[in-house]
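Undergrad: Got a predicted model here, sequence first, then my questions.
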There are 2 protein chains.
Amino acid sequence: MTFKTLGAKAAAALDKELMSTGAFSLDQLMELAGLSVSQAVFRVHPTNKGRRILVAVGPGNNGGDGLVAARHLRHYGYQPTIYYPKRPQNELYQRLVKQLEDLDVPFVDDFPTALKTADHVVDAIFGFSFSGQVREPFPAVIDAMAETEIPVTAIDAPSSWSIEAGPPSEGVGSNFHPDVLISLTAPKPLVKHFRGRHFIGGRFVAPAIAKKYDFDVPEYDGLDQVVEVGPNGLKL
Amino acid sequence: MTFKTLGAKAAAALDKELMSTGAFSLDQLMELAGLSVSQAVFRVHPTNKGRRILVAVGPGNNGGDGLVAARHLRHYGYQPTIYYPKRPQNELYQRLVKQLEDLDVPFVDDFPTALKTADHVVDAIFGFSFSGQVREPFPAVIDAMAETEIPVTAIDAPSSWSIEAGPPSEGVGSNFHPDVLISLTAPKPLVKHFRGRHFIGGRFVAPAIAKKYDFDVPEYDGLDQVVEVGPNGLKL
């Protein structure tokens, strides 16, 4: 038995529904999504494996989830560093940045150099709304994440991968295989190409909404905001 | 060594500061506060002690924290019931109610009757901005919470207590001694009159803000959003 997947269009419609009929605010959803990501990182990479977490942040909501995750990780005792080259003029993102600055979390401009002193990388560049070409300055960042030997955790999708079809057959991202993936609310079809540790997060979906969008809400334990599943979305 | 306390005026100023220079939205703070409360309830009252949690919700932010806590408790497998007699015309509270309705969480009008079948009560009626008289319909609710034998967890303050001076010397609340208190961000001066289990929650305060307001950020463990401290705010 595998978890049902949610394609790019369905994932976008679900997000819209959570914020309309579901009555969630984007602030609230992003806080819970980022919290899930921070818990998955804690699970796969406890602080005794090294505290330096480099977070590569993209221009959209996937990046926002990464900013929230970085804040929680800082509170857990990690030392996150943020690479955030394309910042939208959006009040929410500006606030998330300020919250990190208040915790003395450094922002850096040079990803490859920052990578040299990191213990773990979070790929928060692109999520389920990605399609088409990877634009500057991200190709070199994705290449660096593909080549590094330190573990990489991707949020919702390895950046550059097609949400439906998985890794591109050539060019940027064709050799990018993160070690860990955290699928938010439900795995995307690309999981059938993913071979690392796989978590589902986002413990806020009402059963009626999951039913409408035809995906499974996993069985979370205790207070956990994430649950580990099989690499291809297999139920463990 | 005890934790420093934060008086009513200082707590109000801190809240304002978190949302201005701290750049948090009320949605975000309430989500994190309610999450803390849900974790404290889980800690003192695991699901095997009974799943029926009755949440008494007041008209302000303390009530909002209770609504968020109820949603998380529902996701943990509890069966919360909400008593929410005075609902402000505020979009945020309306959204939090809708999120509970979508999880089939019942709202009830008769507190004493609901109490008869509850396993645990959360007092989310009044918080640090309370002063003066307890208005209708809350006196009877506080009396019922004072008299019940099932455990009661209060958020930030036992409702009806003076934030600075503790329980009133007579009348409503003079005999109200909840079993559990969760202080958000920092204990209030009333903790010196509190004799139950005491938690601090709100793992989002930057050290610089805590320093400015002269309170201590406790040492949280792992992923915990709450930490248990001594009954009078004693460091354990």
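TA: Nice, thanks for sending it over. Predicted, not measured: the structure shown is a model, and the values here were computed from it.
Undergrad: Look up phi and psi at residue A:166.
TA: Backbone torsions for residue A:166, taken as degrees, to the nearest 10, come to phi 90, psi -150.
Undergrad: Grab the nearest non-local neighbour of it.
TA: residue A:193 (3.3 Å; C-beta to C-beta, 6 or more residues apart in numbering or on different chains). Every residue, glycine included, has its C-beta placed from N, CA and C.
Undergrad: got a list of what the one you found touches?
TA: Shown in contact with residue A:193 (C-beta atoms under 8 Å, 6 or more residues apart in numbering or on different chains): A:161, A:166, A:167.
Undergrad: Would you mind listing what in chain A touches chain B?
TA: With C-beta under 8 Å from any C-beta of the partner chain as the criterion, chain A meets chain B at residues A:22-25, A:27-28, A:31-32, A:35, A:38-39, A:42, A:71, A:75-76, A:92, A:94-96, A:98-99, A:102-103, A:203-204, A:206-209, A:220, A:222-223.
Undergrad: try 6 Å this time
TA: A:23, A:25, A:27-28, A:31, A:39, A:42, A:75, A:95, A:98-99, A:102-103, A:203, A:206, A:223 (C-beta under 6 Å from any C-beta of the partner chain).
Undergrad: and which of the contacts of residue A:193 is nearest residue B:173?
TA: Nearest to residue B:173 among those is residue A:161, at 58.2 Å by C-beta to C-beta.
Undergrad: about what we covered before: which of the contacts of residue A:193 ranks first by neighbour count?
TA: Comparing the contacts of residue A:193 by number of neighbours (other C-beta atoms under 10 Å in any protein chain shown), residue A:161 comes first, having 25 neighbours.
Undergrad: correct me, but that one touches residue A:188?
TA: No: applying C-beta atoms under 6 Å as the test, residue A:161 and residue A:188 come out as separate, 8.9 Å apart.
Undergrad: Spatially central residue for chain A, please.
TA: residue A:155 (1.5 Å; C-alpha atoms, centre = their mean).
Undergrad: And the pLDDT at the closest residue to that one other than its chain neighbours?
TA: Distances taken as C-beta to C-beta, 6+ apart put residue A:124 closest to residue A:155, at 5.0 Å, once the chain neighbours are dropped. Predicted confidence (pLDDT) for residue A:124: 98.
Undergrad: tell me, how many neighbours does the closest residue in space to residue A:126 that isn't next to it in sequence end up with?
TA: Nearest residue to residue A:126, sequence neighbours excluded (C-beta to C-beta, 6+ apart): residue A:159, at 4.3 Å. When counting by other C-beta under 10 Å, one arrives at 26 neighbours for residue A:159.
Undergrad: Now do residue A:159 against chain B, distance only.
TA: Residue A:159 sits 25 Å away from chain B, going by C-beta to the nearest C-beta, to the nearest Å.
Undergrad: ok, now how distant is that residue from residue B:152?
TA: Remark: distance between residue A:159 and residue B:152 (C-beta to C-beta, to the nearest Å) = 48 Å.
Undergrad: can I assume residue A:81 is in contact with residue A:54?
TA: Yes: under the criterion of C-beta under 6 Å, residue A:81 makes contact with residue A:54 at 5.1 Å.
Undergrad: Which one's more surrounded, those two?
TA: residue A:54 (27 against 20).
Undergrad: I'd say residue A:215 and residue A:3 touch.
TA: No: here residue A:215 does not reach residue A:3: they are 7.2 Å apart, not a contact under C-beta under 6 Å.
Undergrad: tell me which of the contacts of residue A:193 is nearest to chain B?
TA: Closest approach between those and chain B, by C-beta to the nearest C-beta: residue A:161, at 28.3 Å.
Undergrad: pLDDT weak spots in chain A?
TA: Applying pLDDT under 70 to chain A flags residues A:231-233, A:236.
Undergrad: could you check the angle helix B:26-44 makes with the lengthiest helix in it?
TA: The longest helix of chain A (DSSP state H) is helix A:26-44. Here helix A:26-44 points in a direction 40 degrees away from that of helix B:26-44 (axes from the mean of the first three to the mean of the last three C-alpha atoms, to 10 degrees).
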